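Generate a structure from the sequence data that follows.
(one chain, ligands or ions: 1)
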Amino acid sequence: FGDWLQTSASEMKPDTPITLGFSQLGKESAWRIANTASVQEAAAESGIRLVMKNAEQSQKKQFEAIRAFIAMKVDVIAIAPVVESGWEGILREAKAAGIPVVILDRSVNVKDTSLFVTTIGSDFEEEGEKAGKYLLDRMRNRPGPIRIAELQGTSGSAPSIQRGEGFRSVLAGRADMTITQSAPADFTEDKGRAIMRDFLKAPAEKRPDVLFAHNDDMALGAIDAIEEAGLKPGEDILVISVDGSRRALAELAAGKLNAVVECNPLIGPQLMQAAKEIMAGRTLPKRMVPPEDVFTQERAAEVVSGRKY
Ligand code: AHR
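Numbers count the residues shown, from 1 in each chain. Below is the predicted model of the structure:
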């Protein structure tokens, strides 16, 4: 990454700490809170000076943060991008300033992939596929029609787009299973509850048999709405979500959720390692994906106690 660096590895004094500017996208979910803490803890442990700004779900605020990092002449910039598109211009500004960029968690959709060094984060399409495969297997002996409600995440965000695509691609083989209700609920518990209440206002014959929530927080809100409607989550309506927070795994153990596809937020150490490798002039893979599991009710009690978030 020689052409990225303001100061080459040989010019840097060995005791100069690396300064990392991190534009975090918000604090919408338990996953996000755990991700922020992981970055902060890993920076402290590895002696990296962290300058973090929280963009409160605004891409404009992320641009402002990145411009502030450029003005500060940080060594490396990390971005957790709120949405997938619109990044070319700001990434060119970072490149022109000679500051390498790491994309964390959510991916960006840019033609020129030389604008960032690497992406560290989950394979969201695979997460959607895992959710779909669980459902197909679970419904293998049940004839349709099977109605599915979907709570999407933030519109235009990589996890929402890609989880939706992965899920749909797997279900394509069963024409009698259809997504009959779908709306964005921004990855938050409150919106998950509110949108599910709306979904459940449909007449009984149009009520969903299954809920696929793009994250745990929305699923937890939706579980409240299902109970308010006098129905049993996990039985009357199957509930599948993504992330693997302690609260969601506890609901899985209690039978109110049926499957949770893991999305790992604890990627701070990988980010710090990447920042060090970049500053040492080493080459990194273009994509780094953490290992992830699928949790079902049988295994929930076993995993919940050791859960970090
Ligand atoms: O980008 C990861 C997603 O963002 C998580 O699944 C969700 O909980 C978070 O808000």
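
From the chain's centroid, how far away is the helix ranked longest in the chain?
With secondary structure taken from DSSP state H, the chain has its longest helix at helix 30-46. Distance of helix 30-46 from the chain centroid (C-alpha atoms, centre = their mean, to the nearest Å) equals 14 Å.

For that helix, give the mean pLDDT please.
Average pLDDT, helix 30-46: 98.

can you count the residues close to the residue in the stretch 201-309 of the chain that the ligand sits nearest to?
Of all residues in the stretch 201-309 of the chain, N215 sits closest to the ligand, at 3.5 Å by C-beta to the nearest ligand atom. No exception for glycine: its C-beta is placed from N, CA and C like everyone else's. Per other C-beta atoms under 10 Å, the neighbour tally for N215 reads 34.

do the same with the one 4 residues further on
The criterion is other C-beta under 10 Å. On that basis, A219 has 32 neighbouring residues.

where do the strands sit along this protein?
For the chain, the strands defined by DSSP state E cover 19-24, 49-54, 76-79, 101-104, 118-120, 146-152, 177-184, 210-213, 238-243, 259-262, 287-288, 294-296.

Flag every buried residue along the longest one.
Yep, that's strand 177-184 we're talking about. Using 16 or more other C-beta atoms under 10 Å as the test for burial, strand 177-184 gives M177, I179, T180, Q181, P184.

with these in mind, which one is nearest to T113?
Closest to T113 out of those is P184 (27.4 Å), distances taken as C-beta to C-beta.

For the residue of the stretch 201-309 of the chain closest to the ligand, list the residues it contacts.
With contact taken as C-beta atoms under 8 Å, 6 or more residues apart in numbering, N215 is in contact with S29, W31, G153, P159, F187, S241, V242, D243, C263.

Which residue is the nearest non-sequential neighbour of the third one?
Translated: G153. S160 (3.7 Å; C-beta to C-beta, 6 or more residues apart in numbering).

cool, and the first one?
Here the nearest residue to S29 in space, its sequence neighbours aside, is D217; by C-beta to C-beta, 6+ apart that works out to 4.5 Å.

interface residues of this structure facing the ligand?
Taking C-beta under 6 Å from any ligand atom as the contact definition, the chain meets the ligand at E28, S29, W31, R32, D105, R106, P159, F187, N215, V242, D243, C263.

at 5 Å instead, please
With C-beta under 5 Å from any ligand atom as the criterion, the chain meets the ligand at residues E28, S29, W31, R32, D105, R106, P159, F187, N215, D243, C263.

Could you dump those into a markdown table and include distance to I223?
Shown next, in a markdown table, are the residues of the chain next to the ligand (distance: C-beta to C-beta, whole Å):
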| residue | distance to I223 |
| --- | --- |
| E28 | 18 |
| S29 | 15 |
| W31 | 17 |
| R32 | 20 |
| D105 | 25 |
| R106 | 25 |
| P159 | 20 |
| F187 | 16 |
| N215 | 13 |
| D243 | 14 |
| C263 | 19 |
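
Run a quick neighbour tally on the closest residue to S85 other than its chain neighbours.
Spatial nearest neighbour of S85, chain neighbours left out: N109 (5.2 Å); criterion: C-beta to C-beta, 6+ apart. By the criterion of other C-beta under 10 Å, N109 has 14 neighbours.
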